[in-house]
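A.B. asks: Sequence and predicted structure are below.
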Amino acid sequence: MQSGEREVLVNVDQLSKRYQGDWAVKDVSFKIQHGTCIALLGPNGAGKTTTLHMLAGLLDESQGTIHFHNKQNDFRKSIGFLPQQPQLFGWMTAEEFLNICGQLSELPKANREARLEEVLKFVGLKDVRKKKIAGFSGGMKQRLGLAQAILHEPELLILDEPVSALDPTGRREVLELIREMKKKMTVLFSTHILHDAEQVCDQVLILKKGELKWNGELEQLRSSMEELTIQIKTKTTLKNVFQTGEGILHVKEVADNEVLLQVEKGYDANLCWRRLLEKGMDVEYFNANPVTLEQAYLEVLQK
Ligand SMILES: Nc1ncnc2c1ncn2[C@@H]1O[C@H](COP(=O)(O)OP(=O)(O)OP(=O)(O)O)[C@@H](O)[C@H]1O
Ligand SMILES: [Mg+2]
């Protein structure tokens with residue numbers, strides 16, 4: 001389904017936050033569509049936490065608005081939030097901690113126990129539910145943090161750097177949980193690692209120095225780069241095989257049997273293959289160098 005077809009859950013309009021004269025977030029506007037998983041990307045100090053805190057209702061905006069679909073007043077009950085550095089009380093057991101979170105989020109007593117059971121199982125902490133949090137590994141703590149964020153079945157789950165502090169195994173586990181959670185709720189998470197975003201999200205927002213530099217689908221980000229280069233080397237001459245036109249912007253003859261083609265964005269490299277086959281060319285080397293997401297991300301950050 002195209003993201004454009006989905007119902008809008010949150011509308012953020014010209015959101016800004018100023019600290020002592022400096023803008024931490026400036027004129028940020030975007031929509032969160034129901035059922036999507038969005039990554040908020042950006043380097044340290046870009047304004048990710050500030051944006052997420054305003055969305056979670058933990059920080060007042062200096063300017064702009066956040067409109068949570070048809071909720072006029074307090075939308076915080078519809079949100080689950082995992083802070084960048086969650087404060088988990090080490091002296092409590094996982095079960096005690098979640099019980100208190102359940103009370104704070106006004107989870108009805110009648111189904112609190114069953115919900116706790118379900119969530120502990122989901123995050124893989126069922127067997128350690130009676131263990132003190134102080135003895136948990138970083139990955140276990142992060143999974144407990146996720147458990148408290150989803151306990152009250154929020155419509156929108158906001159996670160601030162959920163995997164940044166984890167080792168590769170913990171990272172994979174938490175990303176896997178996010179992948180499961182996004183089937184049930186809308187997810188917005190921040191990260192400064194593009195690879196995390198690539199694994200689970202549909203849409204990316206890129207912040208730099210408080211300003212939104214990109215808002216769109218991952219594929220759009222990749223294809224937003226202007227050009228693609230195709231390098232071809234054959235056993236025989238390549239003279240007059242490729243000309244400019246029909247998507248080919250420039251033909252550079254590196255050698256008699258080697259060319260570098262500069263092509264338009266969205267160009268189908270198979271067309272070159274077809275040409276070579278038609279001419280019966282013996283291909284030694286063919287490299288269509290598609291833009292990686294990482295390159296596209298860095299390009300956006302350089303703007
Ligand atoms: N309470 C505060 N008082 C003053 N300035 C602040 C405050 N909180 C954040 N800032 C500033 O706002 C800017 C954005 O900070 P923020 O924590 O939102 O960035 P971030 O993208 O989450 O960074 P990181 O990747 O390091 O977590 C930074 O320049 C930061 O110094
Ligand atoms: Mg942050």
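C.D. replies: On my side now, so go ahead. Residues are numbered from 1 along each chain as shown. Ligands and ions are numbered 1, 2, ... in the order given.

A.B. asks: quick one: low-confidence ranges for this structure?
C.D. replies: Residues of the chain meeting the criterion pLDDT under 70: 1-5, 70-74, 225-227, 290-291.

A.B. asks: so how far is Leu88 from the residue in the stretch 1-150 of the chain that ligand 2 sits nearest to?
C.D. replies: Residue nearest to ligand 2 within the stretch 1-150 of the chain (CB to the ion): Thr49, separated by 3.2 Å. (Glycine included, C-beta is placed from N, CA and C.) Using CB to CB, to the nearest Å, Thr49 is found at 18 Å from Leu88.

A.B. asks: And the most centrally placed residue in the chain, how close does it get to ligand 1?
C.D. replies: For the chain, the residue nearest the mean C-alpha position is Ala39 (2.2 Å; CA atoms, centre = their mean). Distance from Ala39 to ligand 1, counting by CB to the nearest ligand atom, to the nearest Å: 13 Å.

A.B. asks: just Pro162 next, same as before
C.D. replies: With distances taken as CB to the nearest ligand atom, Pro162 is found 12 Å from ligand 1.

A.B. asks: Using the three-state scheme, assign that residue.
C.D. replies: Assigned by DSSP: H, G, I helix; E, B strand; the rest coil, the conformation of Pro162 is coil.

A.B. asks: Share the number of residues neighbouring it, please.
C.D. replies: For Pro162, the count of nearby residues is 28 (other CB atoms under 10 Å).

A.B. asks: In the stretch 201-303 of the chain, what residue lies closest to ligand 2?
C.D. replies: For the stretch 201-303 of the chain, CB to the ion, closest residue to ligand 2: Leu207, 10.3 Å.

A.B. asks: ok, that residue - contacts?
C.D. replies: When contacts are counted by CB atoms under 8 Å, 6 or more residues apart in numbering, Leu207 touches 25, 28, 40-42, 46-48, 51, 213.

A.B. asks: Out of those residues, which sit inside helices?
C.D. replies: 48, 51 (DSSP state H).

A.B. asks: can you redo the contacts of Leu207 as CSV with neighbour count?
C.D. replies: Below are the contacts of Leu207 laid out as CSV (neighbours: other CB atoms under 10 Å):
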residue, neighbour count
Val25, 28
Val28, 24
Leu40, 30
Leu41, 27
Gly42, 26
Ala46, 24
Gly47, 25
Lys48, 24
Thr51, 30
Lys213, 18
